[in-house]
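Student: when you get a sec, could you give me coordinates for this:
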Amino acid sequence: MKSCKTASLLFISILLLVAACTLPLQTIQSQYDIATNTKNFRWDHRIFGFMPPLVTLEQSFVKQLDENQQVEFRLYDVVILRPNQFRLEDKVFMLLDDKPVSLQVLRREDDVKIVHDDPMDVSVVGSNESRYPVTRLEYVFSSEVVEQMKSAKSIQFRYYSGPDIITISFSHEKVLQLKKLLASV
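Tutor: Just a heads-up that it's a prediction; the model follows:
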């Protein structure tokens, strides 16, 4: 009897864990900025790289409405690559239903994230550390691209790092979340 309860509890725990990992936890946030007289909508998500050279990609999609209801869409990327990778190129594409749309980098910042293998032993500088290249990119979407995004069934992003091609595919749920942001008012 006790083993049956334990098995049931384990099964329920696994179901809850799977549901938590598959449901989109990120919601669209809205905020009014009195200083600039704008209404901002933001959707953030993170993707963990299961294939080198990508470690993580964090994206923040922002829709901004000014006092005249003029709209501007921006994307902010934070890309973290594995140590010793080539510099992330400025050449970035968004693939909407497998049709490439070139994204022009408006602003770029390069940095390094240092991770110590043994955080308790940081006495010797550089002895047990890994240096992860971090690239921050900012783009502005044209109204034509936004219209294409609204009707797209599949959305991917493509980045380049030396010989590596990094492709990020949105799940159906993430495509829906992005479309919800684009329609926000």
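Student: show me where pLDDT drops low in this structure?
Tutor: 1-26, 118-127 (pLDDT under 70).
Student: at which residues are the strands of it located?
Tutor: Applying DSSP state E to the chain gives strands spanning 29-33, 38-48, 54-65, 71-81, 92-96, 99-103, 107-116, 129-141, 155-161, 164-169.
Student: so what does the fourth one touch, helix or strand wise?
Tutor: For strand 71-81, the elements it packs on are strand 54-65, strand 129-141, helix 143-151, judged by 3 or more C-beta pairs under 8 Å, 6 or more residues apart in numbering; DSSP states H and E. The way it works is simple: take the backbone N, C-alpha and C, and place the C-beta from them, glycine included.
Student: need those in JSON lines with mean neighbour count and distance to Asp77, can you?
Tutor: JSON lines is the format used below for the helices and strands packed on strand 71-81 (neighbours: other C-beta atoms under 10 Å; distance: least, C-beta to C-beta, whole Å):
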{"stretch": "strand 54-65", "mean neighbour count": "18", "distance to Asp77": "6"}
{"stretch": "strand 129-141", "mean neighbour count": "17", "distance to Asp77": "4"}
{"stretch": "helix 143-151", "mean neighbour count": "13", "distance to Asp77": "15"}
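Student: tell me the contacts of Leu65?
Tutor: Applying C-beta atoms under 8 Å, 6 or more residues apart in numbering, we find Leu65 in contact with 38-41, 71, 185.
Student: of these, which is the most crowded?
Tutor: Phe41 (21 neighbours; other C-beta atoms under 10 Å).
Student: done for today, thanks.
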